[in-house]
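*Asks:* Need a 3D model of the sequence below.
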Amino acid sequence: MMTVSSPAKLFINAIYRATEGEGALVGRPQIFVRVQGCAIGCANCDSKDTWEFEQGFASDITAVLAQIEDLSLKKLKRVSITGGDPLHPKHVPGVLQLVRELKARKFFVSLEAAGTRIVHEIFDLVDFINFDFKPPSTLIETKPSLIVQLAEQYEGKFQLKSVAQDAKDFSAILAAYQLVEKDLKRSITFDWCITPIYNPGESFPLERFKLILNLNENAGGYFRVIGQQHKWVHGPNEKLV
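*Replies:* Residues are numbered from 1 along each chain as shown. Sure, this is the predicted structure:
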């Protein structure tokens, strides 16, 4: 077993094995490292239990790596670092060290990025970036200029992800898509996935799903509409799935 010199601390909510339920990597079994602490505050977040920064969640990188190795059974070599917000400045030193150690152990590492910042030292190392564009229902703004920067510097190793509550959300996502294409001066070639929101406590949102599918078809089919498979299987309230 490799050892870690001067191990950093990470604020951890949970480390668990599950199958990716959304986006372009849907269906891929992974080990999820969910950090504890997020200052973004999306109105429709389904993981609000990860918002608070609490010292009680602090975990040594060595312990985190040991849990990952145990869950991998020496076979599953894919890790998703999620949150919370893994790119919050408080998390960056620990996440950076974790990514370096995972890559040294030959893991495929994907990162969930909230769309509020680009952290090059981490983005350069990970294998795949899941980058959000936040529509109006989130009450958070994503700068299209960040997406342009991502496309110019990390083509081939990221996807865009957007949740959608209604037609207003879809229109905002479509406008951002068109603006990014205009600024890039070329067609978008990366996956931009839209996820119809499946809120905790509600029945499967069939009509919402149909609406987003129809809007996408009528707009020209620029997006991949992918539901949250894990919520279909386990229900919208189940955690760590």
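
*Asks:* Could I get the average pLDDT for the host helix or strand of L71?
*Replies:* L71 belongs to helix 61-72 when assigned by DSSP states H and E. Helix 61-72 shows a mean pLDDT of 97.

*Asks:* what does stretch 121-130 give?
*Replies:* For stretch 121-130, the mean pLDDT works out to 98.

*Asks:* What's the first helix or strand after the helix holding L71?
*Replies:* strand 78-82.

*Asks:* Residues touching that following strand, excluding its own?
*Replies:* Residues outside strand 78-82 that contact it (Cβ atoms under 8 Å, 6 or more residues apart in numbering) are 20, 25, 28-35, 68, 95, 98-99, 102, 107-112, 126. Any C-beta I mention is one placed from the backbone N, CA and C, and that applies to glycine too.

*Asks:* still on that earlier bit, show residues contacting the helix holding L71.
*Replies:* Contacts of helix 61-72 (Cβ under 8 Å, 6+ apart): 1, 3-4, 7-10, 12, 15-17, 31, 33, 79, 94, 97-98, 101-102, 105, 107.

*Asks:* List buried residues within the contacts of strand 78-82.
*Replies:* Taking 16 or more other Cβ atoms under 10 Å as the criterion, what is buried in the contacts of strand 78-82 is 20, 25, 30-35, 68, 95, 98-99, 102, 107-112, 126.

*Asks:* Could you check what's spatially nearest to T138, not counting adjacent residues?
*Replies:* C42 (4.3 Å; Cβ to Cβ, 6 or more residues apart in numbering).
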